[in-house]
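> quick one, fold the following:
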Amino acid sequence: MESTLYPAAPILHVDDEQAWLTCLGLALERSGAISHILSCNDSREVMKILASQAISVVLLDLNMPYVSGEELLIEIQKSFPEIPVIILTGHNQIETAVKCMKLGAYDFFVKTTEEERLIGGVKRALKMRALETENRQLKNQVEGKGLKNPGAFSGLITQNSQMLALFHYVEAISNSSEPVLIIGESGTGKEMIAQAVHATSRPKLPWVAVNVAGLDDNVFSDTLFGHVKGAFTGAAQNRQGMIDRAGEGTLFLDEIGDLSHQSQVKLLRLLQEKEYYPLGSDRPQKTNARIVAATNKNLALLQSEGSFREDLFYRLKAHQLLLPPLRQRIDDIPFLLDRMLEEAARELDKKKPTPPKELEILLSTYGFPGNIRELRAMVFDAVSIHQTGKLSMNSFRKAIEANREIKELNPGSRHQETSFPRLKEMVDLHVAEALRQAQGNQSIAAELLGISGAALSKRLKKTPELKAQSPTDYS
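Next up is the predicted model:
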């Protein structure tokens, strides 16, 4: 059954009164056919939500604890100016609402008496956002996203604002000879963005890539700097290092966070002095190659722990690119899915299948710990077993479920799967809170939960970690 959610990107409704969140949500769905609404009753969470997913319109209550609507409006206008913000106010806050209009709010309504006007205002905001999106997409197609050299980024499929900002930054540093540090989770496309750095700055010169993970100091030095004849047993002739092969082009060093301390010292010298020593030679060699390094590790943390040199860390990050994980650019999933289906069909010599509309929704709720690489693996697996008609969602569901099972077996994993909790997790949290409030008394906890003592006891036997929160049973 196809989804009828409207709009495609949800409306974010922010209000600390749960009753009003529910009431307005029902009114929008009943009178405005607007069914895709994300509710938030904690104003401190708003900016995190906006950073993690696409939002079409924000409905913002003025009077809230922690962060007021006016303060949030200023933050949203600063970080997400493309999102229309509608202010919801009480009768005694009209003056503040007018001030919010001057600060950039799209409109404001008295929330208890202007329900029909509010619904009309939401519809107008959605139409305006859709029109602006269409105009922006058309402009991007005509102007190549405003980039001077859009071809350099042709392998990176995106409409995401964070990614497009990175592209512009890459172009801005194209004339620099300083090192570039690329940080991002595995599978986010670090080498592809490194190739874009090369393509915008030194496209006609050599590109040389080296994965330094697992290389001890001798192998690292020999790989990077080469050696002279007789440098060690078996060195029968001179060997050119990768830095020499790069010439005045680009040397890409992947997994830089795994370098040994000895290798870090040699790399630092290369960056500072623009010179190096081939193994067995006491004559320094000069280089003008541009160094681009990448890692999926937190170098600042490694530096604070003493496993990565502070001077090398700051030397490497003269220019820094932080690649967002796929879960922070879910607006790219439709574009990536379409391109990957084309690639898979071509490589597997099949006709490109048509995906069900629900597939995009399913994928947008998943955290993709393996990022774009994981999505590509899912698509190729699905296309390989596809026969006719619409593409089946079964293989995607199986892959997602398998990863969730792995996560449950390894709860300490650093990857976030999704911000949406599973039902079992919610139930376990509910039981744990009841036990906490009952100070471990299972009879009282069962009363709080509205279940029998036997039912609670059965659940605690199935979930030993919950029972650990019930040290004493006074029943």
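
> in this protein, mark out all the strands, start to finish.
In the chain, the segments counted as strands under DSSP state E are 11-14, 37-40, 57-61, 85-89, 107-110, 180-183, 207-211, 226-227, 239-240, 250-254, 275-276, 285-286, 290-295, 319-322.

> can you list the strands that the longest one pairs with?
Here strand 290-295 has these sheet partners by DSSP bridges: strand 180-183 (parallel), strand 250-254 (parallel).

> again, but for the first one
Applying DSSP bridges to the sheet, strand 11-14 is found paired with strand 37-40 (parallel), strand 57-61 (parallel).

> quick one: closest of the ones you listed to S457.
Nearest of these to S457, taken as C-beta to C-beta: strand 37-40 at 34.9 Å. Glycine gets a C-beta too; all of them are placed from N, C-alpha and C.

> tell me the mean pLDDT for the closest one?
Averaged across strand 37-40, the pLDDT comes to 93.

> repeat that for stretch 242-253.
On average, stretch 242-253 scores 95.

> any idea how far apart the tips of that stretch sit?
Start and end residues of stretch 242-253 are separated by 10 Å (C-alpha to C-alpha, to the nearest Å).

> buried ones in that stretch?
For stretch 242-253, the buried set under the neighbour-count rule, 16 or more other C-beta atoms under 10 Å, comprises M242, I243, D244, A246, G249, T250, L251, F252, L253.

> so what touches that stretch?
Surrounding stretch 242-253, the residues in contact under the criterion C-beta atoms under 8 Å, 6 or more residues apart in numbering are 191, 194-195, 197-198, 201-202, 205-210, 212, 223-226, 267, 270, 276, 285, 287-294.

> just the buried residues from the residues you listed, in ChimeraX please.
The ChimeraX command for the buried members of the contacts of stretch 242-253 (criterion: 16+ other C-beta under 10 Å) is given here:
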select :194,195,197,198,201,202,207,208,209,210,212,223,224,225,226,267,270,276,287,289,290,291,292,293,294
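
> hmm, who's touching stretch 319-326?
160, 162-163, 166, 169-170, 173, 176, 178-185, 187-190, 193, 332-333, 368, 371-372, 374-375.

> 6 Å - rerun?
Residues outside stretch 319-326 that contact it (C-beta atoms under 6 Å, 6 or more residues apart in numbering): 162, 166, 173, 178, 180-185, 188, 368, 371-372.

> quick one: which of those is the most crowded by neighbours?
Neighbour counts for the contacts of stretch 319-326 (other C-beta atoms under 10 Å) peak at I182, which has 28 neighbours.

> list the contacts of N218.
Contacts of N218 by C-beta under 6 Å, 6+ apart: none found.

> meant to ask about R327, not that
Residues near R327 by C-beta under 6 Å, 6+ apart: G367, F368.

> where do the helices sit along the stretch 251-400 of the chain?
Listed in chain order, the helices of the stretch 251-400 of the chain (DSSP state H, counting those that start in this stretch) span 261-273, 299-305, 310-316, 333-347, 357-364, 371-385, 394-409.

> and those: which comes nearest L88?
Per C-beta to C-beta, nearest to L88 of these: helix 357-364, 26.9 Å.

> ok, back up a step: most neighbours per residue, which of the strands paired with strand 11-14?
Comparing the strands paired with strand 11-14 by mean neighbour count (mean count of other C-beta atoms under 10 Å), strand 57-61 comes out on top with a mean of 26.

> need the helices of the stretch 251-400 of the chain in TSV with distance to L28 and mean pLDDT, can you?
Below are these laid out as TSV (distance: least, C-beta to C-beta, whole Å; pLDDT from 0 to 100):
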stretch	distance to L28	mean pLDDT
helix 261-273	56	93
helix 299-305	44	90
helix 310-316	50	94
helix 333-347	24	93
helix 357-364	19	87
helix 371-385	32	95
helix 394-409	30	81
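
> could you dump the ones you listed into TSV and include distance to E45?
As requested, the helices of the stretch 251-400 of the chain are arranged in TSV below (distance: least, C-beta to C-beta, whole Å):
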stretch	distance to E45
helix 261-273	40
helix 299-305	25
helix 310-316	32
helix 333-347	23
helix 357-364	19
helix 371-385	24
helix 394-409	23
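
> what residues does P179 make contact with?
With C-beta under 6 Å, 6+ apart as the criterion, the residues that contact P179 are L271, I291, L316, A318.

> ok, which of the strands of the chain comes nearest L359?
Among the strands of the chain, if distance is taken as C-beta to C-beta, the winner is strand 37-40, at 20.4 Å.

> how about the CA coordinates for that closest one, as CSV?
Output of strand 37-40 as CSV, limited to C-alpha atoms (Å, rounded to 0.1, in the frame of the first residue of the first chain):
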residue,chain,number,x,y,z
ILE,A,37,3.8,16.0,11.4
LEU,A,38,6.7,15.6,13.8
SER,A,39,5.9,16.8,17.3
CYS,A,40,8.4,18.1,19.8
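
> how far out from the middle of the chain is it?
20 Å (C-alpha atoms, centre = their mean, to the nearest Å).

> can you add distance to R309 and give the strands paired with strand 11-14 back as TSV?
Formatted as TSV, those follow (distance: least, C-beta to C-beta, whole Å):
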stretch	distance to R309
strand 37-40	43
strand 57-61	44
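
> circling back: closest to D217 out of the helices of the stretch 251-400 of the chain?
The closest of the helices of the stretch 251-400 of the chain to D217 is helix 261-273. By C-beta to C-beta, the value is 4.0 Å.

> show residues contacting that closest one.
Under C-beta under 6 Å, 6+ apart, the answer for helix 261-273 is P179, D217, F220, Y276, R309, L312, R315.

> let's see it at 10 Å
The contact list for helix 261-273 (C-beta atoms under 10 Å, 6 or more residues apart in numbering) reads 178-179, 212, 215-221, 224-225, 243, 251, 253, 256, 259-260, 275-277, 284, 286-287, 289, 291, 293, 306-309, 311-313, 315-316, 318.

> correct me if wrong: C100 contacts Q93.
Yes. Look at C100 against Q93 with C-beta atoms under 10 Å: they come within range, at 9.4 Å.

> what's the neighbour count on E273?
As a burial measure, E273 scores 11 neighbours (other C-beta under 10 Å).

> how much space between it and K127?
Per C-beta to C-beta, to the nearest Å, E273 is found 60 Å from K127.

> and if you look at L267?
Distance from L267 to K127, by C-beta to C-beta: 55 Å.

> next, the buried residues of stretch 350-360.
For stretch 350-360, burial by neighbour count (16+ other C-beta under 10 Å) applies to P353, P355, P356, L359, E360.

> okay if I get those as CSV plus distance to L131?
Compiled in CSV, the buried residues of stretch 350-360 are given as follows (distance: C-beta to C-beta, whole Å):
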residue, distance to L131
P353, 32
P355, 27
P356, 28
L359, 27
E360, 22
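
> let me know the closest of those to L50.
The closest of the buried residues of stretch 350-360 to L50 turns out to be E360 (C-beta to C-beta; 20.0 Å).

> what about the helices in the stretch 51-200 of the chain?
With DSSP H, counting those that start in this stretch as the criterion, the stretch 51-200 of the chain has helices spanning 69-79, 94-102, 115-143, 161-172, 190-201.
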